[in-house]
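J.: Please find the sequence and the predicted model below.
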Amino acid sequence: MDGNRRWAKNRFMPAALGHAAGAKRVRKVVEFCAQKGVSYLSLFAFSTENWKRPEEEVLGLMGLFMTYLQKEVDSMNAHGVRLKVIGDVSRFDTKLQQLIVHAQEKTAGNRKITLQIAANYGGRWDMVQAVRDWQAAHPEANVQSLTEGALAPFLSTANAPEVDLLIRTGGESRISNFMLWQSAYAELFFTDDLWPDFKTARLEEAIQWFSKCDRRFGSSAPM
């Protein structure tokens with residue numbers, strides 16, 4: 001979800017208002033995906049690299065995350081949305097960690113759509129922590145015995161399908177350390193729309209584009 005700060009700058013507003021506008025866009029995207037039958041939606045909210053931003057902006061993002069969890073959890077629960085937060089949440093404030101746990105527990109039984117929020121997440125971090133957790137679970141095993149199939153259950157997305165369609169807003173043509181393992185065969189859709197301006201019409205366009213992709217996964221025949 002890229003472009004919040006530029007959206008605000010273009011309107012001579014502080015970055016915080018751009019992030020707030022971006023947070024409002026989330027609900028419409030989640031609702032649209034649920035209506036379209038999308039079972040998993042993952043949103044990159046805060047990366048491991050985002051701690052490098054100005055302290056005031058980081059604090060604002062943490063506050064916005066807390067507000068979102070407090071305001072939206074009842075609505076998510078009522079609409080069948082299951083929330084899952086992936087990433088190293090141990091660095092977050094205790095209150096924010098508690099809100100995350102509460103929101104996940106409250107929506108755990110919902111099945112209409114799973115919303116994965118990647119917070120303090122990085123694709124490289126995900127793979128490193130997976131290897132460490134695998135080693136901890138198999139202390140006598142040699143790393144030479146580690147296979148892709150053996151590592152996959154230790155990724156933060158162990159119970160989710162791999163990425164089919166990855167959408168990057170904001171005009172950048174890169175995935176910026178997002179789900180590197182899970183996106184190995186994802187179709188990549190890039191748009192110049194800044195995240196607060198990312199309308200459901202653009203999302204529909206991306207889905208229609210994806211539906212026409214010839215997905216072979218390395219084989220000679222389409223899947």
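T.: Ah, there it is.
J.: check contacts around Leu17.
T.: 8, 11 (Cβ atoms under 8 Å, 6 or more residues apart in numbering). Yep, even glycine has a C-beta here, placed from its N, CA and C like the rest.
J.: make it 7 Å
T.: Ala8 (Cβ atoms under 7 Å, 6 or more residues apart in numbering).
J.: give me the element it is part of.
T.: Element membership of Leu17 [criterion: DSSP states H and E] is helix 15-36.
J.: And the residue nearest the centre of this protein?
T.: Leu43 (2.8 Å; Cα atoms, centre = their mean).
J.: That one belongs to a strand, doesn't it?
T.: Yes. Assessed with DSSP: H, G, I helix; E, B strand; the rest coil, Leu43 lies in a strand.
J.: circling back to that earlier point, in the helix holding Leu17, which residues are buried?
T.: 15-23, 25-27, 29-30, 32-34 (16 or more other Cβ atoms under 10 Å).
J.: quick one, which residue of this protein lies the farthest from its center?
T.: The centre of the chain is farthest from one residue, Glu140, which by Cα atoms, centre = their mean lies 34.0 Å away.
J.: Quick one: classify that residue as helix, strand or coil.
T.: coil.
J.: From Ala150, how far off is it?
T.: 14 Å (Cβ to Cβ, to the nearest Å).
J.: so where do the strands sit in this structure?
T.: Secondary structure of the chain by DSSP state E: the strands cover 40-47, 81-86, 113-121, 165-168, 187-190.
J.: who does the longest one pair up with?
T.: Based on DSSP bridges, the pairing partners of strand 113-121 within the sheet are strand 40-47 (parallel), strand 81-86 (parallel).
J.: roughly how far out does it sit from the chain middle?
T.: The chain centre lies 4 Å from the centre of strand 113-121; the measure is Cα atoms, centre = their mean, to the nearest Å.
J.: neighbouring contacts of that strand?
T.: Contacts for strand 113-121 (Cβ under 7 Å, 6+ apart): 30, 33-34, 38-48, 65, 80-89, 91-92, 160, 178.
J.: the inter-axis angle of that strand versus helix 15-36?
T.: For strand 113-121 against helix 15-36, the angle by axes from the mean of the first three to the mean of the last three Cα atoms, to 10 degrees is 150 degrees.
J.: which residues touch the residue lying closest to Leu166 once chain neighbours are set aside?
T.: In space, and not counting its chain neighbours, Leu166 is closest to Ala186: 4.4 Å by Cβ to Cβ, 6 or more residues apart in numbering. Contacts for Ala186 (Cβ under 7 Å, 6+ apart) come out as 163-166.
J.: returning to that earlier point: ChimeraX command to pick out the buried ones of the contacts of strand 113-121?
T.: Applying 16+ other Cβ under 10 Å to the contacts of strand 113-121 leaves a buried subset, and the ChimeraX line that selects it is:
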select :30,33,34,38,40,41,42,43,44,45,46,47,48,65,81,82,83,84,85,86,87,92,160,178
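J.: Fine by me, we can end here.
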